[in-house]
Structures are given as C-alpha cells and as structure tokens.
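Engineer: Provided below are the primary sequence and the corresponding predicted coordinates.
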Amino acid sequence: MTTELQPLPEKQTLSGFRNMLRIENSRWWNMRNILTQSVVWLAAVNFIVAMPLIVAPMIEDSPAILLELGVEIFMGVFSMVLAIGSVILLQGSLVGEKQSGTAAWILSNPISRTSYILSKLAANTGGIMFVGIILQGAVGYIILSYASGAALPIASYVTAMGLLALFTLF
C-alpha cells in the first residue's frame with residue numbers, strides 16, 4: 001500500500017451545473033412561487049398601467065390618443081419595473097445564500113463557482129421570462145386592447161415583448 005498522495009483531476013469549468021440548475025429550477029417552478037411572483041408583478045406593472053387608462057377616457061375622447069398614452073405608459077413602466085425587479089430577484093438569491101452560509105457550503109462541494117452563478121442566472125432568467133414577460137405581457141395586451149376598443153396588432157406587440165425580453169437579459 002502506497003502512502004503517496006494521488007493528484008486529483010483538475011476541476012471542470014461547469015462541474016455540478018446540471019444539479020444546481022435542477023435545484024434552482026425547482027425553487028422557481030412550484031405553484032406557490034409562480035402565483036406569488038405573478039401577483040407581485042401584476043401589481044407592480046399592470047395595475048400601474050390600468051389606472052391611467054381607466055381615468056383617461058374621462059378626460060380625452062380620442063381612442064388614438066388613449067392608445068398612444070397606454071402604450072407609452074405600459075412600455076415605460078414595464079421596462080423599468082422588469083429591469084429593476086430582475087436585478088433584485090437575482091441579487092436577492094445570491095446575497096441571501098451568502099448571508100445564510102449556504103453559498104459557502106455549496107462551494108465546498110465539487111461544484112465550480114461558474115456553475116453556481118450560471119445555474120442561478122439560467123433558472124432566474126427562465127422564471128422572469130415566463131412570469132415577467134409572458135404572463136404580464138399577455139395581461140398588458142388585454143388591458144391595452146380593452147382600453148383602445150380594438151385588438152392591437154399581435155405581431156407588433158410580440159416583437160415589442162421580444163425586445164423587452166432582450167433588454168431584460170442584458
């Protein structure tokens with residue numbers, strides 16, 4: 001029996017990524033979290049958009065001006081709230097685990113720091129895109145279509161949501 005130390009293979013860049021991604025996705029994709037996030041985003045985005053659109057017809061009778069006002073408010077509020085909310089969610093998950101000591105415990109296992117950060121980024125991006133962009137975009141489409149009295153052009157609206165998703169990713 002030899003008592004010499006055996007060299008370990010060098011740690012791979014993405015070691016443990018699949019397991020961490022599975023754990024992070026399980027935190028996002030449960031019904032309670034989706035409902036909580038949906039209600040919070042609904043209040044933060046669509047409630048703020050709906051209020052001026054309810055009051056605006058009392059002031060202005062022109063549907064074109066009302067639609068322009070609604071789209072400007074929706075895109076402005078939506079982009080700001082989505083950008084700030086995304087940063088808060090991702091930073092909150094990283095800082096929360098660091099403060100509780102979970103991050104140190106996880107990184108003491110055979111997982112790379114790159115895998116740890118990328119798994120959090122990938123899981124939170126998927127959740128934010130679904131809850132923030134798809135669900136809230138659909139509600140916003142309904143609100144804006146109702147306020148204007150006719151359905152908005154769907155292709156233009158989906159393109160705008162795609163640009164908003166790209167903006168949020170950056």
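Structural biologist: Nice, thanks for sending it over. Because the structure is predicted, anything quoted here is derived from the model rather than measured. Residues are numbered from 1 along each chain as shown.

Engineer: May I have the residues that are in contact with the residue positioned nearest the centre of the chain?
Structural biologist: By CA atoms, centre = their mean, the chain has its centre lying nearest to Ile128, at 1.8 Å. Shown in contact with Ile128 (CB atoms under 8 Å, 6 or more residues apart in numbering): Leu82, Gly85, Ser86, Leu89, Thr168. All C-beta atoms are positioned from the backbone trio N, CA, C, and that covers glycine.

Engineer: tell me which element the fourth one is part of?
Structural biologist: Assigned by DSSP states H and E, Leu89 belongs to helix 63-100.

Engineer: Need the contact partners of the helix or strand following that helix.
Structural biologist: Next in sequence after helix 63-100, counting helices and strands by DSSP H and E, comes helix 102-107. Residues outside helix 102-107 that contact it (CB under 8 Å, 6+ apart): Met20, Leu94, Glu97, Lys98, Arg113, Tyr116.

Engineer: Neighbour-wise, which one of those residues leads?
Structural biologist: Within the contacts of helix 102-107, Met20 tops the neighbour count with 23 neighbours, counted by other CB atoms under 10 Å.

Engineer: need the helices for this protein, in chain order.
Structural biologist: For the chain, helices defined by DSSP state H occupy the ranges 17-28, 31-41, 47-59, 63-100, 102-107, 113-128, 136-148, 154-169.

Engineer: how close does the closest residue to Leu152 other than its chain neighbours get to Leu164?
Structural biologist: Nearest residue to Leu152, sequence neighbours excluded (CB to CB, 6 or more residues apart in numbering): Ser145, at 5.3 Å. According to CB to CB, to the nearest Å, Ser145 and Leu164 sit 18 Å apart.

Engineer: Relative to Glu4, which of the helices of the chain is closest?
Structural biologist: When the helices of the chain are compared by CB to CB, helix 102-107 sits nearest Glu4, at 28.2 Å.

Engineer: now that closest one: mean pLDDT?
Structural biologist: When pLDDT is averaged along helix 102-107, the result is 76.

Engineer: where does that helix sit relative to the chain's centre, distance-wise?
Structural biologist: 24 Å (CA atoms, centre = their mean, to the nearest Å).
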